[in-house]
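Asks: One predicted model, sequence on top.
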Amino acid sequence: AQSVAQPEDQVNVAEGNPLTVKCTYSVSGNPYLFWYVQYPNRGLQFLLKYITGDNLVKGSYGFEAEFNKSQTSFHLKKPSALVSDSALYFCAVRVSGNTPLVFGKGTRLSVIA
Amino acid sequence: GAGVSQTPSNKVTEKGKYVELRCDPISGHTALYWYRQSLGQGPEFLIYFQGTGAADDSGLPNDRFFAVRPEGSVSTLKIQRTERGDSAVYLCASSLTGRDFGLAGPSSYNEQFFGPGTRLTVL
């Protein structure tokens, strides 16, 4: 069975500082990994994905994520946080064959001015 | 707008009633997904359509839940005899699949585009 762990319920960071939101996964087979962001009263918005190739993936709004197969991790990063980045972030995984997308429970990011 | 839309945005009903939730996917997306998001949790998969047919309904919690997509576009999630535990935000998503590119292979690498959700409250 596939699973995703986001070990932090809440991450606080000062504006301008780098941020990291952690994600680890467990799958049988090669993973396809995704990050989504959810703003209040809005649907999930796609940020980035890892399918294959370069382990460092760049996405929307200056976010990037690094796939680490040995550590089964896919942490989300941004070099300089903005107050507007404050939101709920979800990591998700699936394997090939149209299996369901499995989400973590989410991490609330708070960027403080 | 070209995004996924869901109606109603909010639905309040009484225990035991029947409800229908509607999803309009992005035009041209053949794959459509329903998820349920409870407070403090990530979305949980309910059912997936490829075209008109339900390709995977393994996430439906019980037989009170049913979904249709008769013309391969709009989908309706139907909940019979609602219970208080059904209260959640119901999310719909759509995506392209390999078939949309004339391919026969799996499409797990395609990102899903989500609607704003329907908040269901069962009193």
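Replies: Received it, and whenever you're ready, just let me know what you need. Numbering: from 1, shown residues only, chains lettered A, B, ... in the order given.
Asks: count of neighbours near residue 63?
Replies: Picking chain A for this. 20 (other Cβ atoms under 10 Å in any protein chain shown). Just so you know, the C-beta spots here come from the backbone N, C-alpha and C atoms, and that holds for glycine as well.
Asks: To clarify, I was referring to chain B.
Replies: 7.
Asks: Spit out the contact partners of it.
Replies: For residue B:63, the contact set (Cβ atoms under 8 Å, 6 or more residues apart in numbering or on different chains) is empty.
Asks: ok now stretch B:48-65, how far from the chain's centre?
Replies: Its chain's average C-alpha position is 9 Å from that of stretch B:48-65, according to Cα atoms, centre = their mean, to the nearest Å.
Asks: what comes up buried for it?
Replies: Using 16 or more other Cβ atoms under 10 Å in any protein chain shown as the test for burial, stretch B:48-65 gives B:48-50, B:54, B:56, B:59-60, B:65.
Asks: Mind putting these into CSV with distance to residue B:72?
Replies: Supplementary listing: these in CSV, determined by distance: Cβ to Cβ, whole Å:
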residue, distance to residue B:72
B:48, 13
B:49, 8
B:50, 9
B:54, 12
B:56, 16
B:59, 20
B:60, 20
B:65, 21
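Asks: Pull the most distant pair out of these.
Replies: Longest distance between any two of the buried residues of stretch B:48-65 is 18.8 Å, between B:50 and B:65; criterion Cβ to Cβ.
Asks: Enumerate the residues of chain B near chain A.
Replies: Applying Cβ under 8 Å from any Cβ of the partner chain, we find that chain B lies next to chain A at B:3-4, B:33, B:40-45, B:48, B:50, B:55-56, B:58-59, B:91, B:93, B:97, B:106-109, B:111-117.
Asks: Quick one, which of the residues you listed are buried?
Replies: Buried positions within the residues of chain B next to chain A, assessed by neighbour count (16+ other Cβ under 10 Å), are B:4, B:33, B:42-45, B:48, B:50, B:56, B:59, B:91, B:93, B:97, B:106-109, B:111-117.
Asks: Sitting in strands, which of those residues do you find?
Replies: B:33, B:44-45, B:48, B:50, B:56, B:91, B:93, B:113-114 (DSSP state E).
Asks: number of nearby residues for residue B:29?
Replies: Residue B:29 is flanked by 19 other residues according to other Cβ under 10 Å.
Asks: Please tell me I have it right and it contacts residue B:93.
Replies: No. Between residue B:29 and residue B:93 there is no contact under Cβ atoms under 8 Å: 9.0 Å.
Asks: shared neighbours of those two, anything?
Replies: Common neighbours of residue B:29 and residue B:93, using Cβ under 8 Å, 6+ apart, are residue B:113.
Asks: so after the worst-scoring helix or strand of chain B on mean pLDDT, what's the next helix or strand?
Replies: Between all helices and strands in chain B, the lowest mean by mean pLDDT, DSSP states H and E belongs to strand B:53-56, at a mean of 88. Following strand B:53-56 in sequence order, the next helix or strand is strand B:65-68 (DSSP states H and E).
Asks: what comes into contact with that following strand?
Replies: B:34, B:46-47, B:49, B:54, B:57, B:60, B:75-80.
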